[in-house]
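[1] Here you go, sequence then predicted model.
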Amino acid sequence: MRVLTARDDAVLIECDSLDETIALFDAMTALRIPGVGEMVPGARTLLVPFRPARVTADEIEAAARAADLSGVRAGEPRRLEIPTRYDGEDLAEVADLLGISADEVVRRHTNATFTVGFVGFAPGFAYLTGDDPVLDVPRRSTPRTRIPAGSVALAGTYSGVYPRESPGGWQLIGTTEVPMWDLDRDPAAFMAPGDIVTFSVDAATERARATVSAERANAPKQTDQAQPEGADGRGSALEVVSPGLQTLFQDLGRDGYASMGVSASGSLDAPAHRQANRLVGNAPGDPTLEVAYGGLRLRAHGPQVVAVAGAEVELTVDGVLPRTVPFGAAFALDDGDELQLGSPTSGVRSYLAVRGGFDAPPVLESLATDLLAGLGPDALEAGDVLGVREPAAPLAPAISVADAAPRDLPAAGGDSVELRIVLGPRDDWFSAEEISRFTSQEWQVTPQSNRVGVRLEGDALTRAKGGELPSEGCVSGALQMPPSGQPVLFLADHPLTGGYPVLGAVITDDLPLAGQLPVGATVRFRIVEPRIHQPRTQTPRTQTPGELR
């Protein structure tokens, strides 16, 4: 067993096998160690996030080494069948890599028996271990930015099915119409750890569709179900006149669903999100609107109190009294007033809070919009009417503009931004010279960046170690290095697990800055020593599940 640094508040515990990993996960879950967050099992690793003020990495390691790994999960496994059309665009390439024909790839895949080891990457994405050693292919050197939902794919010794359209680096060999993730189904995930799975040719499609109630896969849009009482014009609401480039509901994220492959998601700039809520007297976790690159225009239905924080934008109000209102301070809107957010000169994301909070139904206990998972309300569109709740308490004394002054945020074409990182868990895949080259150069943010991750471009790195890395848990801020040598900096909507080595991770304090990197900005990385082995500075208290953020 090895314990590796995954971030300044997370460790990755290496095990000898998937069985040992699952046993360790069960044992550590049963211990309920105060300060430990939601753990993510991988093929041979267990990712353990924690609060350094409550528990140390040394204490976690001691608990892991002392854990009883003899327990075996009880219960008869389910047996599932996935009808597949073997029409994947990588099928011929996979056949060449394996030195067999495409027909032989299909024959072996349909004759193999698979077991669900763990669920990660995205909601409903199960990692299937098979019993045919020939089916062992490398991931693509550069991951695709778009893989269609239902794609059946191979990577290393694993098979999997993409639950929805997403990026990914697996080799595509076919497609299926069986929905891997359906919130109208109980459970929402088609596959769970321990299930026995086989793939068949397309003839079984109709039977499988009946089995999993696939007719419910196309559920109504969340926004279609979220029209508040203000939709008829009589209630308190904000109407979207123009959504700008992208405006999403966000909060502090959803915890407790990692076992289904669901990450926390949430606001990329959590301090700005909290600041906007504080300015209008809301609770820190109340939902806000995350506005990328400005352009949002809202019309008030009834009087409202609003504030905007994060990336600084010009705020203008059209109405009976046209005016400019202050950024970083609460201000009032009268019924019929229209608020316009300009474009930020630095940073990307502004956060708009309304007094009382937005009234919309949560998805898995949160209003966070997760772009990779496809969870939460859809991106706002013109004509959407957003209900506003009655305030729960009197408005607190106003915070001055000086107290809520905007931070220095990166600008496209401006000075290079420095982000602090800790090395690990897979820095040993790179030589000291390559790591030095990584930190000594400037990396540019490319247009392919989004809430899932920031794609960077620079002088490509070369790995010192070859082969495939078994999929393992990843944290926000992880710097994943595909074979192309161009890093991807994971943000809040990142996959829970990944199979490319992670050279290092941006420290927790710098994650909000990473979430404000605009396209065209340049980044430098500075290595700092993790402080995860220092003694606690506070007395531990009992922790409720999913408390760690």
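    Arrived safely.
[2] Need the residue closest to the centroid of this structure.
    Residue closest to the mean C-alpha point of the chain, counted by C-alpha atoms, centre = their mean, is Asp493 at 2.1 Å.
[3] contacting residues for that residue?
    263, 265, 370-373, 450-452 (C-beta atoms under 8 Å, 6 or more residues apart in numbering). Bear in mind the C-beta positions are built from the backbone N, C-alpha and C, glycine included.
[4] most surrounded residue in the residues you listed?
    Ser263 (32 neighbours; other C-beta atoms under 10 Å).
[5] per-residue pLDDT, it?
    With respect to pLDDT, Ser263 scores 90.
[6] before we move on, back to that, tell me if I am right that the residue nearest to the centre of the chain is in a helix.
    No: applying DSSP: H, G, I helix; E, B strand; the rest coil, one finds Asp493 to be coil, outside a helix.
[7] Please report phi then psi for it.
    phi -90, psi 20 (degrees, to the nearest 10).
[8] Show me which parts of stretch 440-448 are buried, residue by residue.
    443, 445 (16 or more other C-beta atoms under 10 Å).
[9] Any idea how far it is from the middle of the chain?
    Relative to the chain's own centre, stretch 440-448 is displaced by 21 Å; criterion: C-alpha atoms, centre = their mean, to the nearest Å.
[10] can you pull the contacts of the most far-flung residue of the chain relative to its centre?
    Distance from the C-alpha centroid of the chain, by C-alpha atoms, centre = their mean, peaks at Val320 (42.5 Å). Counting by C-beta under 8 Å, 6+ apart, Val320 makes contact with 334, 336-337.
[11] So which of those residues wins on neighbours?
    Neighbour max across those (other C-beta under 10 Å) = Asp337, 21 neighbours.
[12] Just give the nearest non-adjacent residue to that one, would you?
    Leaving out its chain neighbours, the residue that sits closest to Asp337 by C-beta to C-beta, 6 or more residues apart in numbering is Gly319, at 3.7 Å.
[13] Kindly report the same for Asp335.
    Gly302 (5.3 Å).
[14] now swap in Gly499 and tell me
    Ser471 (4.4 Å).
[15] Please tell me how far the one you found sits from Leu456.
    According to C-beta to C-beta, to the nearest Å, Ser471 and Leu456 sit 22 Å apart.
[16] and if you look at Thr110?
    On the measure of C-beta to C-beta, Thr110 and Leu456 end up 40 Å apart.
[17] looking only at pLDDT, what's the mean for the host helix or strand of Leu513?
    Using DSSP states H and E, Leu513 maps to helix 511-514. Averaging pLDDT along helix 511-514 yields 97.
[18] So which other helices or strands are in contact with that helix?
    Applying 3 or more C-beta pairs under 8 Å, 6 or more residues apart in numbering; DSSP states H and E, we find helix 511-514 packed against helix 270-280, strand 417-423.
[19] Just name the most buried of those.
    Highest mean neighbour count among these (mean count of other C-beta atoms under 10 Å): helix 270-280, with a mean of 24.
[20] on that earlier part again, so how far is Leu279 from the residue nearest to Asp337?
    For Gly319, the distance to Leu279 equals 21 Å [C-beta to C-beta].
[21] what stretches of the stretch 51-200 of the chain score poorly on pLDDT?
    71-75 (pLDDT under 70).
[22] switch to 90 and redo it
    Across the stretch 51-200 of the chain, the ranges flagged by pLDDT under 90 are 69-77, 117-123, 139-145, 156-157, 164, 166-169, 183-188, 192-194.
[23] in it, which spans are helices?
    Assignment of helices within the stretch 51-200 of the chain using DSSP state H, counting those that start in this stretch yields the ranges 57-66, 91-98, 102-111.
[24] got those as TSV, with mean neighbour count and distance to Val11 columns?
    Below are the helices of the stretch 51-200 of the chain laid out as TSV (neighbours: other C-beta atoms under 10 Å; distance: least, C-beta to C-beta, whole Å):
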stretch	mean neighbour count	distance to Val11
helix 57-66	16	5
helix 91-98	17	34
helix 102-111	16	36
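[25] can you tell which of those is closest to Gly499?
    Taking C-beta to C-beta, helix 91-98 is the member of those nearest to Gly499, at 16.0 Å.
[26] That closest one packs against which elements?
    Short answer (3+ C-beta pairs under 8 Å, 6+ apart): helix 91-98 packs on helix 102-111, strand 171-175.
[27] Please convert those to CSV, extending it with distance to Pro49.
    Compiled in CSV, those are given as follows (distance: least, C-beta to C-beta, whole Å):
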stretch, distance to Pro49
helix 102-111, 35
strand 171-175, 31
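[28] Which of these sits closest to Leu12?
    Between those, strand 171-175 lies closest to Leu12; by C-beta to C-beta that is 25.5 Å.
[29] okay, and for the stretch 201-350 of the chain, where does confidence drop off?
    Looking at the stretch 201-350 of the chain by pLDDT under 90, you get 202-235, 255-262, 320-321.
[30] Over to the stretch 351-500 of the chain?
    Looking at the stretch 351-500 of the chain by pLDDT under 90, you get 372-374, 391-408, 412-415, 466-471, 483, 495, 498-499.
[31] now do 50
    Within the stretch 351-500 of the chain, the ranges that satisfy pLDDT under 50 run 397-398, 400-405.
[32] Which residue ranges of it form strands?
    358-359, 385-388, 417-423, 443-445, 453-457, 472-473, 478-480, 488-490, 497-498 (DSSP state E, counting those that start in this stretch).
[33] Distance to Trp429 for the ones you listed - can I get that in a markdown table?
    Shown next, in a markdown table, are these (distance: least, C-beta to C-beta, whole Å):
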| stretch | distance to Trp429 |
| --- | --- |
| strand 358-359 | 44 |
| strand 385-388 | 46 |
| strand 417-423 | 11 |
| strand 443-445 | 18 |
| strand 453-457 | 17 |
| strand 472-473 | 13 |
| strand 478-480 | 11 |
| strand 488-490 | 15 |
| strand 497-498 | 13 |
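[34] out of the ones you listed, which comes closest to Ala505?
    Closest among the strands of the stretch 351-500 of the chain, once you apply C-beta to C-beta, is strand 478-480, at 4.8 Å.
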